[in-house]
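Undergrad: A predicted structure for the sequence below; I have some questions about it.
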Number of protein chains: 2
Amino acid sequence: MTLAAPPQVAAPSGAASSASSQPGFCPVYRAIGVLQEKWVLHIVRALLDGEKGFNELARAVGGCNSATLTQRLEHLETLQLIGKRTEDTHGKLARSVYSLTPAGRELQGVIQAIDMWAREHLQEDEARLEGQSGCGSAV
Amino acid sequence: MTLAAPPQVAAPSGAASSASSQPGFCPVYRAIGVLQEKWVLHIVRALLDGEKGFNELARAVGGCNSATLTQRLEHLETLQLIGKRTEDTHGKLARSVYSLTPAGRELQGVIQAIDMWAREHLQEDEARLEGQSGCGSAV
DNA sequence: GCAAGCGCTTTAAATTGTCAAGCGGTGTAA
DNA sequence: TTACACCGCTTGACAATTTAAAGCGCTTGC
C-alpha cells in the first residue's frame, strides 16, 4: 500500500530538518517530476549541442521512438523549456527545428553535474547492463 | 555551451545495425538512464537528509508505493548508491535502514543543481498542474 | 485483546513507453 | 518516370512499468 501520504505528501513535519513548504508547491519536487520523465534529460543534452530537427534529434538522443519523442517535445514546449520553429528553407521544404529556451539552456548545470558524477562513479561498475550504449558528446 | 558533441551519437538504437559488440559505454548516458527512473531522485534527495527506514523513506519521498520503492531500492543497492543495514534494536525488532553510500552522497551536486534551477525557473509559471505537492527538505 | 507500526510481497488494473507501419511531401538518382 | 530515401510526424496494437489495495509475520503500547 501506499504509506500514508495522500497526494499531499511530502514532509509531514516529522521529516526532521528544515522548513516545510507552505501551500504545497515545491519547485524541486516538480522539477524532479519533469526531469525524470523518460528521455527528457537526453533530449536536453542533445539540444545543448545546438538546435535540431525531429529526426536529427531522435538520432542524437539515441533510441527514443518517434511517438514518445513527439509527446516529450510537446510537454517540454508547454513547460517552455524548448521552442519549436518551423523554418521555411528556400523553396518549400518545411523543417521543424527544436531548440532550448533560456530556461531550458540553464539545465546545462544539471547535465554537467550528472556528467561529472557519472565520470567519477559510474566508470565501469556495470553490474547491470541495460543495453544502453554510447553517446558521444562530452560536456 | 560546452558540449563538444560529436553528433555520432548513441547506438543506432532503433535502427538495426546491431553494432552490438562493446558500444562506446558512455557514463553520462548511463547515469541519465538511472536517474530518470521514477522516484530515484526523490529517494536520493530524501536520503541526503539522513538515513531512513522503509516506511519512513516512503513518507519522505511522498507518493511512491511500496512495491516500486522496494524495487528501486534494490536497484540502487546493486548500483552501490545506497546501502541497506538491518539494525537490531535491543530486543528483537529488526529495522531496515537505508542510507547513501559515498557515491550516492555525491549525487548531492546533481540534486543541488536541480534545486537551483527549479527555484529559478519553475517558481509557479506552470501551465500544467500535475498534482505534485510539497517536499519539505532543503538540500 | 486489539489497534497500530514495522518491512515488505502479491495480484490485478491503470498508466507509460515501444514497435512497426504509414501518410503526405520533397530531393535525388536511375 | 519511377523509384527510393529522408523529412516530420500519427496511429494502433502491444509490452513494460507503476499503482492501489490488500495482506503477512512480527512487535509495541494501551
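TA: Yes, it's here. Because the structure is predicted, anything quoted here is derived from the model rather than measured.
Undergrad: I'd like to know how many residues surround A:Arg105.
TA: Applying other C-beta atoms under 10 Å in any protein chain shown, we find 16 residues neighbouring A:Arg105. Yep, even glycine has a C-beta here, placed from its N, CA and C like the rest.
Undergrad: In this model B:Trp117 seems to touch A:Arg30, though I could be wrong.
TA: No - counting by C-beta atoms under 8 Å, A:Arg30 does not reach B:Trp117; the two are 11.1 Å apart.
Undergrad: Quick check, the residue in chain A closest to DNA strand C?
TA: In chain A, no residue comes nearer to DNA strand C than A:Thr68, which is 3.4 Å away by C-beta to the nearest atom of the strand.
Undergrad: any idea how far A:His42 is from B:Pro102?
TA: A:His42 sits 27 Å away from B:Pro102, going by C-beta to C-beta, to the nearest Å.
Undergrad: ok, these two, which is more surrounded?
TA: When neighbours are counted by other C-beta under 10 Å, A:His42 and B:Pro102 differ, and A:His42 comes out ahead with 26 against 10.
Undergrad: which bits of chain A sit near DNA strand D?
TA: Within reach of DNA strand D by C-beta under 7 Å from any atom of the strand, chain A has these residues: A:1-2, A:53-56, A:66-67, A:70, A:84, A:95-97.
Undergrad: One more pass at 6 Å, please.
TA: Selection of chain A residues close to DNA strand D by C-beta under 6 Å from any atom of the strand yields A:Met1, A:Thr2, A:Gly53, A:Phe54, A:Asn55, A:Glu56, A:Ser66, A:Ala67, A:Thr70, A:Arg95, A:Ser96.
Undergrad: so of those, which ones are in helices?
TA: With DSSP state H as the criterion, helices contain A:Phe54, A:Asn55, A:Glu56, A:Ser66, A:Ala67, A:Thr70 from among the residues of chain A next to DNA strand D.
Undergrad: ok, of those residues, which come out buried?
TA: Among these, the ones that count as buried by 16 or more other C-beta atoms under 10 Å in any protein chain shown are A:Phe54, A:Glu56.
Undergrad: Among the ones in helices among the residues of chain A next to DNA strand D, which pair sits farthest apart?
TA: By the measure C-beta to C-beta, A:Glu56 and A:Ala67 form the most distant pair in these, at 17.2 Å.
Undergrad: okay, and the helix or strand of chain A with the least pLDDT?
TA: Every helix and strand of chain A was ranked by mean pLDDT, DSSP states H and E. The lowest is strand A:82-88, at a mean of 87.
Undergrad: The residue lying closest to A:Ile111 once chain neighbours are set aside in helix, strand or coil?
TA: Spatially, and ignoring its direct neighbours in sequence, A:Ile111 is nearest to A:Arg45 (5.3 Å; C-beta to C-beta, 6 or more residues apart in numbering or on different chains). Here A:Arg45 is recorded as helix under DSSP: H, G, I helix; E, B strand; the rest coil.
Undergrad: Next, the contact list for the one residue in chain A that gets nearest to DNA strand D, please.
TA: Of all residues in chain A, A:Gly53 sits closest to DNA strand D, at 2.3 Å by C-beta to the nearest atom of the strand. Contact analysis of A:Gly53 by C-beta atoms under 8 Å, 6 or more residues apart in numbering or on different chains lists A:Arg95, A:Ser96, A:Val97, A:Tyr98.
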